[in-house]
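Trainee: missing the sequence, but the structure's below:
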């Protein structure tokens, strides 16, 4: 049976980050209608893939963890009822600190989510605030601890480098803080200033690292994560043995996947 990935987009955020050029909205009142439309779309399109098996699912955004438990139940029940899911599928969802609680994490777990991707970006509150994000390092730690308590044993942390006012020292602290809590996977992305973002309008006043420092930061990330047992398998992705993100590998290898939302 042909194997496919499934990507589902949830385009809502409490607040859009200053660097983000992904499609997202702040219209939370439209969330319920969007989930209804998304479920109808999945039911309509899924018969075309009745002879295929879904072995990876990735729910991205936006902020998928902004959904309420009832909306999560409705969406994922639709997915499970519409596709042939591999019994060993990798089921990932992106989540932001501050949008998770025990009930929601248990709901995700109940619905088969087995991989959580948390956007910490930096453990410096001032750097996170400069990005326009709404969480603190303390809130991130609380979300991470809750995820471990309810049984998530495959967690990715997103971090960023090349940030306004970031130094090699503050980046090193973020790496040390993140490695100390031993996530299974770390994604390290360089800040890029895109035309459609608030940062683009502020680009002349942002105190960004120059190209040489940005390169030094990247080499430092690769070196430090290797010391902590993370294997680099792609430009921005590092994992413990056996914990690579199989869905992202599909993108890199140009394998087929379904996009919804």
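Mentor: Happy to help now that I have it. Keep in mind it's a predicted model, so treat the numbers as computed, not measured. Numbering: from 1, shown residues only.

Trainee: from here on, just use CA atoms for contacts and neighbour counts.
Mentor: Noted.

Trainee: could you give the bridge partners of the most centrally placed residue in the chain?
Mentor: For the chain, the residue nearest the mean C-alpha position is residue 94 (3.6 Å; C-alpha atoms, centre = their mean). The partner list for residue 94 in beta bridges (DSSP bridges) reads residue 117.

Trainee: show me the helices in the stretch 1-150 of the chain, by range?
Mentor: Using DSSP state H, counting those that start in this stretch, the helices of the stretch 1-150 of the chain run over 31-45, 69-82, 102-110, 125-130, 137-149.

Trainee: didn't residue 122 look like it was pressed against residue 159?
Mentor: Yes: in terms of C-alpha atoms under 8 Å, residue 122 counts as a neighbour of residue 159; the distance is 5.8 Å.

Trainee: more neighbours: which of the two?
Mentor: Taking other C-alpha atoms under 10 Å, residue 122 and residue 159 do not tie; residue 122 has more neighbours (27 against 21).

Trainee: phi, psi for the more buried one please.
Mentor: The phi/psi pair for residue 122 (degrees, to the nearest 10) reads phi -160, psi 150.

Trainee: residue 238 versus that one, what's the distance?
Mentor: 16 Å (C-alpha to C-alpha, to the nearest Å).

Trainee: what's the mean pLDDT across stretch 80-98?
Mentor: Stretch 80-98 carries an average pLDDT of 95.

Trainee: next: stretch 254-261.
Mentor: On average, stretch 254-261 scores 95.

Trainee: in that stretch, what's buried?
Mentor: 257, 261 (16 or more other C-alpha atoms under 10 Å).

Trainee: and that stretch, end to end?
Mentor: 20 Å.

Trainee: same question for stretch 94-106.
Mentor: Its start and end residues considered, stretch 94-106 measures 15 Å (C-alpha to C-alpha).

Trainee: all numbers from here: first residue = 30
Mentor: Renumbered: residue one is now 30, and that last one reads stretch 123-135.

Trainee: okay, buried residues for that stretch please.
Mentor: Here stretch 123-135 shows 123, 124, 125, 126, 127, 128, 129, 133, 134, 135 as buried, counting by 16+ other C-alpha under 10 Å.

Trainee: which among the residues you listed gets closest to residue 205?
Mentor: residue 126 (19.1 Å; C-alpha to C-alpha).

Trainee: what sits against the closest one?
Mentor: Residue 126 is in contact with 147, 148, 149, 164, 168, 169, 172, counting by C-alpha atoms under 8 Å, 6 or more residues apart in numbering.

Trainee: which one of those residues is nearest residue 226?
Mentor: residue 148 (18.5 Å).

Trainee: against residue 126, how distant is that closest one?
Mentor: 7 Å.

Trainee: go on, residue 119?
Mentor: Between residue 119 and residue 126 the computed distance is 22 Å (C-alpha to C-alpha).

Trainee: same thing with residue 230?
Mentor: Residue 230 is 27 Å from residue 126, by C-alpha to C-alpha.

Trainee: could you do residue 223 as well?
Mentor: For residue 223, the distance to residue 126 - C-alpha to C-alpha - is 24 Å.

Trainee: just residue 95 next, same as before
Mentor: 10 Å.

Trainee: count of residues packed around residue 213?
Mentor: 21.

Trainee: go ahead and confirm it touches residue 177.
Mentor: No: at 11.7 Å, residue 213 does not count as touching residue 177 under the criterion of C-alpha under 8 Å.

Trainee: got any ranges where this structure has weak pLDDT?
Mentor: 46-57, 229 (pLDDT under 70).

Trainee: okay, strands next: where are they in it?
Mentor: In the chain, the strands defined using DSSP state E lie at 31-39, 81-90, 114-124, 144-150, 184-190, 214-219, 260-263, 266-268, 286-289.

Trainee: for residue 276, find the nearest of the ones you listed.
Mentor: The nearest among the strands of the chain, by C-alpha to C-alpha, is strand 81-90 at 5.5 Å.

Trainee: no further questions, thank you.
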